[in-house]
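**Student:** Give me a model of this one.
(2 chains)
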Amino acid sequence: MLHLYNSLTRKKEPFHPLRAQQVKLYVCGMTVYDFCHLGHARVLVIFDVLTRYLRSAGLEVTYVRNITDLDDKIIQRAKDNSESVKTLTDRFIAALREDEKALYVLPPTRCPRATEYIQEMLTLIQTLVEKKYAYVVDNGDVYFDVHRFTPYGKLSKKTVSELMAGARVEIDLHKHSPVDFALWKAAKPDEPSWKSPWGYGRPGWHIECSAMAMACLGNTFDLHGGGIDLQFPHHENEIAQSEAATGEPFVKRWMHVGFVEVNQEKMSKSLGNFFTVRELLAKFPAEAIRYLILSSHYRSPLNYSEDQLHTAGQNVEKFYLALRDLPSLTGKVPTFLNSSYESAFHQAMEDDLNTPEALSVLHALVHEINKHKGEEKAVPLALLLKSLANVLGLLQQEPNEFLRAHHAHETLKDSEIEKLIQERNEARHKKDWRKADSIRTHLEAQGIILEDGSAHTLWRRR
RNA sequence: GGCUGGGUGGUAGAGAGGCUAUACAGCGGACUGCAAAUCCGUGGACGUCGGUUCGAAUCCGGCCCCAGCCUCCA
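**Tutor:** Below you'll find the predicted structure:
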């Protein structure tokens, strides 16, 4: 039985979808004005693993992850670049798709864009105005009346009075209360705007997710996720808007992914400790990034260092080395292999996606395969390893494809390497160790590692 | 100041009232012409002070320290 931590109750709870065997999941995606960084990648990978896991357990998952293509920063960035909002967002959506693909993140079922759901947002805001949960001010802004929604704060465990006490002094004169938030902002010159009953304007940030989530998944759905920084105010406000409008519960369970930190500080642009997915991919294999993300629990902070990413890569290499040199790894996992590894793996995953534990099971399996290398027994174990690792989106490549990929710069061509190996083996045959070693040293300097087996010599790139 | 989470071996990181986490690094050995990979073995930990208990790193309390949120952020 899968147990997931619910931010709403702050407890691990057994997971029962509203409709048996069908899961509806919404995740807050990117605001597309720049490249994805490791923090974004963490969210992408974690929810990718969740959907892979649920599907592997036979559940049908509708996974919706939105794209915020309308927001202050986007507008600002487009101005800075003197380009249109659309050109800017299209470009970074394309970049996002590339990053996802490179990281073996499966595409969500749907990726709604905020600008395509303006009508749904307007309808929602209108309902809130009618129900007096929202008020229109004379300049055409529409605000949500937080005091009217009594459960406000149930997700972030804040109370309205605490928030009032901590509120900044610069109170927006249009708002009735500093804790109120904008549903609709009156148009400013040079900004994209849409026609509304309150004049031209554009939606506030939070309303888009309520509108898109409910449009795609219904008024009440199973899971809503995102980075922990979205818990307040974004998710709190989503709850308020949605539940005030429909009178129904919005989301059964909330999941929040912890931060990526560098030197025990949150990864952020202002601190300059910011790594984009593409710059990491230029130096490390994608699966090393995935492994790093999965090697800590999704709710804990993930401490990033290049060193650790390197270690993660070594671990992935170790997995591939176990699979290398085994015949026909294409079949299914034999059913007779009712192994304890499989149940241990699932037990770990069922415990709020304990991926570090799951990885340790895979290591045990690797060890078992290595012990039985060359025996028939190794093949079904390897198949099992592959199938379990696939649930985590790991071992997506052929062993040699991974082991021989050049991660840094272009080195020698495969054919040149094989020629040198042949030359070296001739020297070895004549016991000319000096020559053999000099070839090996030469190859090593190019990042090529040789392994002399009893039958032939294997090679890989470092 | 208020509210959340945390503090585990050299590093990263699970677990958890009595039983080896795991990985990387280290050390010894096997294999190898030497390596590499692999195997066998091995040292090393639970912030601090008290309490509960037959027994606590694990439960309770004080203290110290760290991160996050309260403002845009994955």
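**Student:** what's the neighbour count on A:N263?
**Tutor:** By other CB atoms under 10 Å, the residues close to A:N263 number 10. The C-beta positions use only the backbone N, C-alpha and C, and glycine is treated the same way.
**Student:** Leaving out the residues flanking it, which one is nearest to it?
**Tutor:** Using CB to CB, 6 or more residues apart in numbering and skipping the chain neighbours, the partner closest in space to A:N263 is A:N273 (7.0 Å).
**Student:** who touches that neighbour in this structure?
**Tutor:** Contact analysis of A:N273 by CB atoms under 8 Å, 6 or more residues apart in numbering lists A:V262, A:N263, A:E265, A:M267.
**Student:** if you look at these, which of them are in strands?
**Tutor:** A:V262, A:E265 (DSSP state E).
**Student:** Below-threshold pLDDT in chain A: ranges please.
**Tutor:** For chain A, the stretches with pLDDT under 70 are A:166-172, A:328-329, A:331, A:335-338, A:407-410.
**Student:** how far away is the closest residue to A:Q126 other than its chain neighbours from RNA strand B?
**Tutor:** Once flanking residues are discounted, A:Q126 sits nearest to A:P197: 6.6 Å by CB to CB, 6+ apart. A:P197 is 25 Å from RNA strand B, where distance means CB to the nearest atom of the strand, to the nearest Å.
**Student:** Of all pairs in the contacts of A:N273, which one is the farthest apart?
**Tutor:** Pairwise distances across those peak at 9.9 Å for A:N263 and A:M267 (criterion: CB to CB).
**Student:** which residues touch A:K158?
**Tutor:** Taking CB under 8 Å, 6+ apart as the criterion, A:K158 is in contact with A:F232, A:E236.
**Student:** Provide the backbone phi and psi angles at it.
**Tutor:** The phi/psi pair for A:K158 (degrees, to the nearest 10) reads phi -110, psi 150.
**Student:** quick one: it and A:S193, what's the gap?
**Tutor:** In this view, A:K158 and A:S193 are 32 Å apart by CB to CB, to the nearest Å.
**Student:** right, and the residue nearest to A:Q126 touches A:E130 too?
**Tutor:** No. Taking contacts as CB atoms under 8 Å, A:P197 lies outside contact range of A:E130: 10.8 Å.
**Student:** related to what we said a few turns ago, any chance of the contacts of A:N273 in TSV, plus distance to A:L395?
**Tutor:** Listed next are the contacts of A:N273 as TSV, based on distance: CB to CB, whole Å:
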residue	distance to A:L395
A:V262	28
A:N263	31
A:E265	33
A:M267	27
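**Student:** By neighbour count, which of the contacts of A:N273 wins?
**Tutor:** Within the contacts of A:N273, most neighbours by other CB under 10 Å means A:M267, with 22 neighbours.
**Student:** quick one, phi/psi of that residue?
**Tutor:** Dihedral angles for A:M267 - degrees, to the nearest 10 - are phi -70, psi 120.
**Student:** Provide the count of other residues in contact range of A:H16.
**Tutor:** Neighbours around A:H16, by other CB under 10 Å: 12.
**Student:** measure whatever residue of the stretch 151-300 of chain A ends up closest to RNA strand B to A:E248 for me?
**Tutor:** At 1.7 Å from RNA strand B, A:G227 is the closest residue in the stretch 151-300 of chain A, using CB to the nearest atom of the strand. The spacing between A:G227 and A:E248, counted by CB to CB, is 26 Å.
**Student:** higher neighbour count, these two?
**Tutor:** For A:G227 versus A:E248, neighbours defined as other CB under 10 Å are more numerous around A:G227 (19 against 11).
**Student:** Kindly state the beta-bridge partners for the more buried one.
**Tutor:** Beta-bridge pairing for A:G227 (DSSP bridges): A:V257.
**Student:** quick one: contacts for it?
**Tutor:** Contacts of A:G227 (CB under 8 Å, 6+ apart): A:C28, A:G39, A:R42, A:V43, A:H256, A:V257, A:F259.
**Student:** Mind checking which of the residues you listed land in strands?
**Tutor:** If you go by DSSP E, the contacts of A:G227 have A:H256, A:V257 in strands.
**Student:** Any chance of the contacts of A:G227 in CSV with distance to A:V316 as columns?
**Tutor:** Below are the contacts of A:G227 laid out as CSV (distance: CB to CB, whole Å):
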residue, distance to A:V316
A:C28, 29
A:G39, 21
A:R42, 17
A:V43, 21
A:H256, 27
A:V257, 21
A:F259, 23
